[in-house]
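>>> Here is a sequence with its predicted model. Questions after.
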Amino acid sequence: MRLPVRAAAVAASAMALGGLATPALAAHSHASATSVKVVAVEFKFTLTPSAVSTPGPVTFTLVNKGHVAHDFKIAGKTTALIQPGKSTKLTVTLKAGKYPYLCTVPGHAAAGMKGTLTVK
């Protein structure tokens with residue numbers, strides 16, 4: 001006779017926990033990253049958009065349209081070295097402020113592959 005009561009209590013607890021977890025999961029799924037496309041060529045980056053209006057997660061999609069390999073470094077994180085015609089993504093969380101970015105391949109930043117992203 002205790003087994004049905006225990007089973008009912010376990011089911012009620014599971015439903016209560018499920019009800020509490022659902023809003024938390026829903027809230028988490030609504031926090032989406034801002035997207036910034038980064039096109040790399042010799043020797044510059046073009047970011048679209050060129051500034052971010054909301055602090056938080058930002059996903060950078062690096063597309064190498066150049067003829068040599070490039071990477072993209074911002075806020076202490078760096079993509080892998082991307083070959084011509086390839087792309088990759090990098091997500092970082094940014095607060096309001098200015099963030100320098102660059103290509104870490106020797107000589108590329110000095111040749112112009114650098115800039116500053118503003119997060120408002």
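Structure's in. What do you need?
>>> okay, CA-based contacts and neighbour counts for the rest of this
Will do.
>>> Who are the contact partners of the residue positioned nearest the centre of the chain?
Closest to where the C-alpha atoms of the chain average out (C-alpha atoms, centre = their mean) is Thr91, at 1.9 Å. When contacts are counted by C-alpha atoms under 8 Å, 6 or more residues apart in numbering, Thr91 touches Ala33, Pro57, Val58, Thr59, Phe60.
>>> out of those residues, who has the most neighbours?
Counting neighbours by other C-alpha atoms under 10 Å, Phe60 leads those with 22 neighbours.
>>> Which residue, neighbours along the chain excluded, lies closest to Glu42?
Distance criterion C-alpha to C-alpha, 6 or more residues apart in numbering; nearest residue to Glu42, sequence neighbours excluded, is Gly66 at 5.7 Å.
>>> Name the SS class of the one you found, please.
Three-state call for Gly66 (DSSP: H, G, I helix; E, B strand; the rest coil): coil.
>>> Next one: it, what pLDDT does it get?
Looking at Gly66, its pLDDT is 97.
>>> Next, give phi and psi for it.
Per-residue torsions, Gly66: phi -90, psi -170 (degrees, to the nearest 10).
>>> pLDDT of the helix or strand where Lys89 lies, averaged?
Using DSSP states H and E, the element containing Lys89 is strand 87-94. Computed over strand 87-94, the mean pLDDT rounds to 98.
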